[in-house]
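Visitor: Need coordinates for the below:
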Amino acid sequence: MNLTYATLTIDLPYVSSKKGRRAILNSIKERLSAMNCSVMDISGEYPKEGQIAIAFLSGDEQSAKQKIEKIETMLASRFPDIQTVIDYELL
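Guide: Residues are numbered from 1 along each chain as shown. Sure thing, here's the model as predicted:
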């Protein structure tokens, strides 16, 4: 059993307020929660970037990588105008 911890960094150049950022991040968090991930908004004060912490359990390293790829695919298809970077580590 592996625990995977990931940090999703999101660039939001067209958002001008924390309220706008929060709306986008909440939408992403709902999608991730539906994929059986634990999520938490760890963004700072700057409204043009956001960060989401993601954690999930997987049976082995291969299934963890597949889930990360599934998350990246979901982000690219559902939020094509948002640039994201996901960094992860297996524990």
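
Visitor: can you give me the helices for the protein?
Guide: Counting by DSSP state H, the chain has these helices, from start to end: 18-34, 61-78.

Visitor: Save those helices as JSON lines, and put in mean neighbour count too.
Guide: The C-beta positions use only the backbone N, C-alpha and C, and glycine is treated the same way. Listed next are the helices of the chain as JSON lines, based on neighbours: other CB atoms under 10 Å:
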{"stretch": "helix 18-34", "mean neighbour count": "15"}
{"stretch": "helix 61-78", "mean neighbour count": "14"}
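
Visitor: and the ones you listed as JSON lines, adding mean pLDDT and distance to Tyr5?
Guide: As requested, the helices of the chain are arranged in JSON lines below (pLDDT from 0 to 100; distance: least, CB to CB, whole Å):
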{"stretch": "helix 18-34", "mean pLDDT": "95", "distance to Tyr5": "13"}
{"stretch": "helix 61-78", "mean pLDDT": "96", "distance to Tyr5": "10"}
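
Visitor: can you put these in TSV and add distance to Met40?
Guide: Shown next, in TSV, are the helices of the chain (distance: least, CB to CB, whole Å):
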stretch	distance to Met40
helix 18-34	8
helix 61-78	15
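
Visitor: Which of those sits closest to Leu90?
Guide: Shortest separation from Leu90 across the helices of the chain is recorded for helix 61-78, at 5.7 Å, computed as CB to CB.

Visitor: before we move on, the earlier item: so which of the helices of the chain gets nearest Leu91?
Guide: Among these, helix 61-78 sits nearest to Leu91 (CB to CB), with 10.0 Å.
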